[in-house]
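Participant: Coordinates for the following, if possible.
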Amino acid sequence: MTYLQNNLQTVPTGLRKILFLNWPVIVLISTISSVGFMMLYSVSGGDVSVWAEPQMKRFALGMVLMVCVAMVPVWIWRNVSVLAYIGSLLLLLAVELFGVVGMGAQRWIDLGFMRLQPSELTKITVILVLAAYYDWLDIKKVSHPLWVFIPVLIILIPTFMVLRQPDLGTAILVLSGGGIIMFVAGVSWYYFGAVVAIIGGIVAAVFQFRGTQWQFLKDYQYRRIDTFLNPDADPLRAGYHITQSKIALGSGGWTGKGYMQGTQSRLNFLPEKHTDFIFTTLAEEFGFLGGISLLGLYALVLVFCAISAFQNKDRFSSLLILGIGATFFLFYAVNMSMVMGLAPVVGVPLPLVSYGGSAMLVLLAAFGLMQSAHVHRPR
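Facilitator: Numbering: from 1, shown residues only. As a prediction, this is how the structure comes out:
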């Protein structure tokens, strides 16, 4: 490979792009996904066909998608960013009109062979269009009120559409991911201070208007907040999930009970063990060392994303890579905080590990955008 990289003029363009892929990120993604396959096999009781095999097929499809996206020049993605954003809004509207209802929420479009969750796609299209916006905007205008209002509107429109489904966890990720792009693009700190004050007011209003006709959240979302603040108040109903999660986490100790030996998941005490709470199964079976090892793999992905962003001299590409890395961080940070009782349960899966089709494919497509920016950077 080193010989080929030193003699790129003799290498076909397609192969040259393959060589320029950020291979450490690909290896890390594959390793994390393999951990997910192992845990899905474990929580199914040793039946590979239940969750592990479908997840493997989605991962293989996602990797092909990632490479295909990476081969497309990054300037094309910049040029279609507005269309991608509008398309994601239309998909959210389609969910509103004829989406599939599941577990009390209307979040999916039934395509026959799979259920598409457009809100997952929205996380990426918001980052894509904001990166293109700040690449186009003169850096001296970044903190001007008029030019701050436009990205705020870009973020808030899909956020409110996702909240209506309702999907509080994804709405938080869309809002946070967009805010991070604005921050790294150079928007003044004063705006973020104002946002913090507004959020404080909204939180106060959420509790103030509870039980009235103007309440902001659904009743089950209020119960999640109550459970977060005091899970022991109702340990057999509202607090059941987090209580069982903490039992599983604590029982793993330093080294865990052993692979496929976790009693909480094997005996079905742990709810949503193959999706939102899969990290607790890993911690129960592999202990603190297993959990911190997975966290280390996630952190390494962020390190390589940051290195790629800082080395890239193209503003759009740098912002895109940082935005995708930040979204990836928010994914696992929110999930791990949720299952450890450090944040309310908001239904955010553990990236590349939890069972799910839309989340896996969209995340790998997002890494394809990151790879496109990395492959086509100025050299």
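
Participant: Would you confirm that L322 contacts L302?
Facilitator: No. Using Cβ atoms under 8 Å, L322 makes no contact with L302, being 10.0 Å away. Any C-beta I mention is one placed from the backbone N, CA and C, and that applies to glycine too.

Participant: In this structure, where is pLDDT below threshold?
Facilitator: Applying pLDDT under 70 to the chain flags residues 1-12, 14, 102-104, 113, 232-238, 267, 379.

Participant: residue nearest the centroid of it?
Facilitator: Nearest residue to the geometric centre of the chain (Cα atoms, centre = their mean): F331, 3.8 Å.

Participant: next one: the helix or strand that contains that one to chain centre, how far?
Facilitator: For F331, the host element (DSSP states H and E) is helix 315-339. Taking Cα atoms, centre = their mean, to the nearest Å, the mean C-alpha location of helix 315-339 is offset from the chain mean by 7 Å.

Participant: Compare L322 and L302 (neighbour count), which wins?
Facilitator: A direct count of neighbours by other Cβ atoms under 10 Å for L322 and L302 places L322 higher, at 25 against 17.

Participant: what about the more buried one, distance to A306?
Facilitator: The spacing between L322 and A306, counted by Cβ to Cβ, to the nearest Å, is 7 Å.

Participant: do L93 as well
Facilitator: 35 Å.

Participant: What of H374?
Facilitator: For H374, the distance to A306 equals 12 Å [Cβ to Cβ].

Participant: Among the two, which residue is more densely surrounded?
Facilitator: H374 (24 against 14).

Participant: wait, is the more buried one part of a helix?
Facilitator: Yes. Checked against DSSP: H, G, I helix; E, B strand; the rest coil, H374 lies within a helix.

Participant: So what's the residue count around G347?
Facilitator: 18.

Participant: cool, and V25?
Facilitator: That count, for V25 with other Cβ under 10 Å as the rule, works out to 23.

Participant: Who's the closest spatial neighbour of it, skipping the chain neighbours?
Facilitator: F304 (5.0 Å; Cβ to Cβ, 6 or more residues apart in numbering).

Participant: Just give me how far the helix or strand containing the one you found sits from the chain centre.
Facilitator: Taking DSSP H and E as the definition, one finds F304 inside helix 278-311. Distance of helix 278-311 from its chain centroid, counting by Cα atoms, centre = their mean, is 14 Å.

Participant: Let me see the ranges of the strands in the chain.
Facilitator: 100-102, 105-110, 115-116 (DSSP state E).

Participant: Show me what counts as buried in the longest one.
Facilitator: It refers to strand 105-110. 105-109 (16 or more other Cβ atoms under 10 Å).

Participant: rewinding a little: and the gap between the residue nearest to the residue nearest to the centre of the chain when sequence neighbours are not counted and L297?
Facilitator: What sits nearest to F331 in space, not counting adjacent residues and going by Cβ to Cβ, 6+ apart, is P351, at 4.2 Å. Taking Cβ to Cβ as the measure, P351 falls 11 Å from L297.

Participant: what residues do these two have in common as contacts?
Facilitator: Common neighbours of P351 and L297, using Cβ atoms under 8 Å, 6 or more residues apart in numbering, are I32.

Participant: Give the residue from the two that has the larger number of neighbours.
Facilitator: P351 (24 against 16).

Participant: Quick check: that one touching T327?
Facilitator: No. With contact defined as Cβ under 8 Å, P351 does not reach T327; the gap is 9.2 Å.

Participant: re the thing from before, which helices and strands sit right next to the helix holding F304?
Facilitator: helix 23-43, helix 240-251, helix 263-266, helix 315-339, helix 357-375 (3 or more Cβ pairs under 8 Å, 6 or more residues apart in numbering; DSSP states H and E).
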